[in-house]
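Q: A predicted structure for the sequence below; I have some questions about it.
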Amino acid sequence: MADLDNKEQAELDQADMEDVEEVEEEETGEDSKARQLTVQMMQNPQILAALQERLDGLVGSPSGYMESLPRVVKRRVNALKNLQVKCAHIEAKFYEEVHELERKYAALYQPLYDKRSDIIKAVYEPTEEECEWKQAEDEELSSELKDKVKVEEEKKDEEKEDPKGIPEFWLTVFKNVDLLSEMLQEHDEPILKHLQDIKVKFSDAGQPMSFTLEFHFEQNEFFSNTVLTKTYKMRSEPDESDPFSFDGPEIMGCTGCTIDWTKGKNVTLKTIKKKQKHKGRGTVRTVTKTVPNDSFFNFFSPEVPESGELDEDAEAILAADFEIGHFIREHIVPRAVLYFTGEAIEDDDDDYDEEGEEADDEEGEEEADEENDPDYDPKKDANPRRSVNSSDGYTLPCDGALELLTNCYVMVQGNTVSALGPYNGLKEVRKVVLDTMRNIHPIYNIKTLMIKRELASDPELRTQSWERFLPNFKHKHTSRRQKPATKKVKKEYTPFPPAQPENKVDRELASGEFFLREREKRRKKMTEIKVKQAEALSRKQEERKKAFIPPKEKKIIKKSNKAPVKDKLDIEAIKEKVKKAKNKKLGAPPAKTSTAPPTGHSKKNTKSTR
């Protein structure tokens, strides 16, 4: 029985295999090739990763929920939107009143700042009472340190018996601040020694929101200006076309000033010499060319257009420029003496010293992790304060506003971000880093932190909820600008629906870009940019070569006394006409035209007629 069962099972299995083979033979064609190609594509990890990345990017896209709601509910939602627009206008008034408060208290601060400027310029000499400063730390200093300080002070007094005011005050302030010291060049320091004061001027009441930084210089040999200005224009009104995108004052632009440089003293330009060899003649000539030079005074000539829409590069330049201007306005001008002495910098570094020992213990572990990391490149990661880039190119500002607003030290090593500081600051840094990795620009979080910092300084608002003051961003990936109004042209009626527009994903699938990694896409984009740059360079070189082509000399026509051939022919024709006219008057028949008649024959004829 067992043998029979095994035989029957074998026969059934053989029958099943025959059926399977028949099915496979039936499917051998275009369908089977397409199925095999699909299986191969799904087994490719690169294609799966690209597809997963695209699907993740579709998360959060608008759905058809609003379209599915009843009409009555839609009307109520529209009413809520109208209320939201009114809230945006009230929020705009709030920021306007904040600006008015800043303008009011700036007038109260100004007399103190003027007195500070007079002391720096040696216009006013402070009294003994004003010069006394009680410091508790003096008692804790050792006697050796006090003696050392006295000796150094005596040496300085011997070198400069009677210094006027406080020499190089603002230059020392700039050197002590990392954000500004990076902008300073060696050739800028002699000019900044003549800087006497920095003032902040707010716009008048009723005028558009703006503020101006005024740099006051004494007379110097570098330029004739006594005041250099930089104005930042802001807008604190909701956009009528998109009122829900309002999140507080928005930077609209910045304008600098023209510096009247003395001849040969312009540090923003430098002259270079190049040798050019002529291809045909082989001669060599030296050409001088003026090119831009790195300088702090480029701050007064921003590379941002004053009007029109801004591209991503212009927006990044404007944001970085505004960060510097806002730092000078909020920190440098009010606390200049603390940055001069270094106390303001020590306050910022207090949190770093508390956890310094832990950081030293972790250095060995980090070095070991870097050696084991296959992506670690010592040349690429030589700078420990390098920026973190997202897949769309957004950059984490490690050296600027983030460290100032969170009181944390941020260090970037490869693809790892480390931060040292208080717990609340570390939470904010973590949030900014994660949002940057999700292609959300850090400026949105920085704006929120700036508002929180201002609210925390108000004792009345410190214990209240800040939800009504914090901005609620609608679109964090794109920045909407006011577009010019376009005239709508009525289309002809047709019963057929419009053609479906080509989707971005479809275009990428058609070109094959959909299956590329982000690194390959960036590489492709960089090659396109390099090709365009090469074409532009070749065009410039061709235009430059035209300048070396010698002009064609005109042929010099020598003047001669001989009449031209045409004039001779005309004279002979006139003579013949005169002869014919004479013959007609005398009644003689017209003379036949003949070539070179004998002279004697012509004389006989004339005698006979007479």
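A: Nice, thanks for sending it over. Predicted, not measured: the structure shown is a model, and the values here were computed from it.

Q: C-terminal to the longest helix seen in the chain, what's the next element?
A: For the chain, the helix that runs over the most residues, judged by DSSP state H, is helix 71-120. Moving toward the C-terminus from helix 71-120, the next helix or strand (DSSP states H and E) is helix 128-131.

Q: In the stretch 301-450 of the chain, where is pLDDT below threshold?
A: Residue ranges of the stretch 301-450 of the chain with pLDDT under 70: 303-313, 345-400.

Q: which stretches of it form helices?
A: 312-327, 336-341, 343-354, 356-372, 401-406, 423-437, 443-456 (DSSP state H, counting those that start in this stretch).

Q: Ser181 contacts Lys175, correct?
A: Yes. Ser181 is within contact range of Lys175, at 5.3 Å (criterion: CB atoms under 8 Å). All C-beta spots, glycine's among them, are computed from the backbone N, C-alpha and C.

Q: in stretch 430-439, what counts as buried?
A: Across stretch 430-439, burial judged by 16 or more other CB atoms under 10 Å covers 431-433, 435-437.

Q: among those, which two are most distant?
A: Farthest apart among the buried residues of stretch 430-439 by CB to CB are Lys431 and Met437. That separation is 11.0 Å.

Q: Below-threshold pLDDT in the stretch 501-610 of the chain: ranges please.
A: Ranges of the stretch 501-610 of the chain meeting pLDDT under 70: 557-570, 585, 587-610.

Q: Identify the contacts common to Lys431 and Met437.
A: Here Lys431 and Met437 share no contacting residue, scored by CB atoms under 8 Å, 6 or more residues apart in numbering.

Q: For Phe174, give me the pLDDT.
A: On pLDDT, Phe174 comes in at 90.

Q: check contacts around the closest residue to it other than its chain neighbours.
A: Sequence neighbours aside, Leu180 is the residue nearest to Phe174 in space, at 4.5 Å (criterion: CB to CB, 6 or more residues apart in numbering). Going by CB under 8 Å, 6+ apart, Leu180 touches 173-174, 296, 324, 328, 332.

Q: is it true that Phe300 touches Lys230?
A: Yes. Judged on CB under 8 Å, Phe300 makes contact with Lys230 at a distance of 5.9 Å.

Q: So Ser181 and Lys175 - more neighbours on which side?
A: Applying other CB atoms under 10 Å to Ser181 and Lys175 shows that Lys175 carries more neighbours, namely 16 against 12.

Q: Next, the contact list for that one, please.
A: 181, 184 are the contacts of Lys175 under CB under 8 Å, 6+ apart.

Q: how close does it get to Phe296?
A: 11 Å (CB to CB, to the nearest Å).

Q: Give the residues shared as contacts by the two.
A: With CB under 8 Å, 6+ apart as the test, Lys175 and Phe296 both reach Leu184.

Q: Which segments of the protein make up each domain?
A: Per the record, the chain has its domains at 89-126+164-349, 398-457, 504-544, by the TED database.

Q: Pick the most buried one from these.
A: domain 398-457 (a mean of 18; mean count of other CB atoms under 10 Å).

Q: that older thread, so for Phe300 and Lys230, which residues contact both of them?
A: By CB under 8 Å, 6+ apart, the residues touching both Phe300 and Lys230 are 256-257.

Q: confidence score at Asp294?
A: 86.

Q: same thing with Ala2?
A: Reading off the model, Ala2 has pLDDT 44.

Q: And for Val291?
A: 84.

Q: Provide a list of residues in contact with it.
A: 269-272.

Q: so where does it fall, helix or strand?
A: strand 284-292.

Q: again with Thr271
A: Per DSSP H and E: strand 269-277 holds Thr271.

Q: Give the other helices and strands that that strand contacts.
A: Packing contacts for strand 269-277, counted by 3 or more CB pairs under 8 Å, 6 or more residues apart in numbering; DSSP states H and E, involve strand 284-292.

Q: how big is the angle separating the helix or strand Gly253 falls within from helix 443-456?
A: Gly253 is part of strand 250-255, with elements assigned from DSSP H and E. Counting by axes from the mean of the first three to the mean of the last three CA atoms, to 10 degrees, strand 250-255 lies at 100 degrees to helix 443-456.

Q: which residues touch the nearest residue to Ala336 once chain neighbours are set aside?
A: With sequence-adjacent residues excluded and distances taken as CB to CB, 6+ apart, Ala336 is closest to Val173, at 5.6 Å. Neighbour list for Val173: 180, 332, 336, 339-340 [criterion: CB under 8 Å, 6+ apart].

Q: Find me the pLDDT at the residue nearest to Phe174, would you?
A: 86.

Q: Sticking with it, tell me its helix or strand.
A: Using DSSP H and E, Leu180 falls in helix 178-181.

Q: ditto for Arg519
A: With DSSP H and E as criterion, Arg519 is part of helix 518-546.

Q: one step back: and the contacts of the strand holding Thr271?
A: 283-293.

Q: Going by distance to Lys164, which of the residues you listed wins?
A: Asn293 (31.7 Å).

Q: measure the closest one to Ala316 for me?
A: Look at Asn293 and Ala316: by CB to CB, they are 22 Å apart.

Q: How about Pro501?
A: 30 Å.

Q: List the residues that contact Glu102.
A: By CB under 8 Å, 6+ apart, the neighbours of Glu102 are Phe202.

Q: Ala336 now?
A: Contacts of Ala336 by CB under 8 Å, 6+ apart are 116, 169-170, 173, 198.

Q: okay if I get these as TSV plus distance to Ala50 and secondary structure?
A: Output for these, formatted as TSV (distance: CB to CB, whole Å; DSSP: H, G, I helix; E, B strand; the rest coil):
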residue	distance to Ala50	secondary structure
Arg116	60	helix
Phe169	58	helix
Trp170	54	helix
Val173	51	helix
Ile198	52	strand
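
Q: from those, which single one is nearest Asn44?
A: Using CB to CB, the contacts of Ala336 come closest to Asn44 at Val173, 58.9 Å.

Q: pretty sure Ile198 is in contact with Phe217, am I right?
A: No. Using CB under 8 Å, Ile198 makes no contact with Phe217, being 10.5 Å away.

Q: Could you tell me which residues make contact with Lys81?
A: Phe244.

Q: If I look at it, what pLDDT would I see?
A: 85.

Q: Let me see the ranges of the helices in the stretch 101-250 of the chain.
A: Under DSSP H, counting those that start in this stretch, the stretch 101-250 of the chain gives helices at 128-131, 143-159, 169-176, 178-181, 189-192.

Q: Those helices: lowest mean pLDDT?
A: Taking the mean pLDDT of the helices of the stretch 101-250 of the chain, helix 143-159 comes last: a mean of 54.

Q: Thank you, goodbye.
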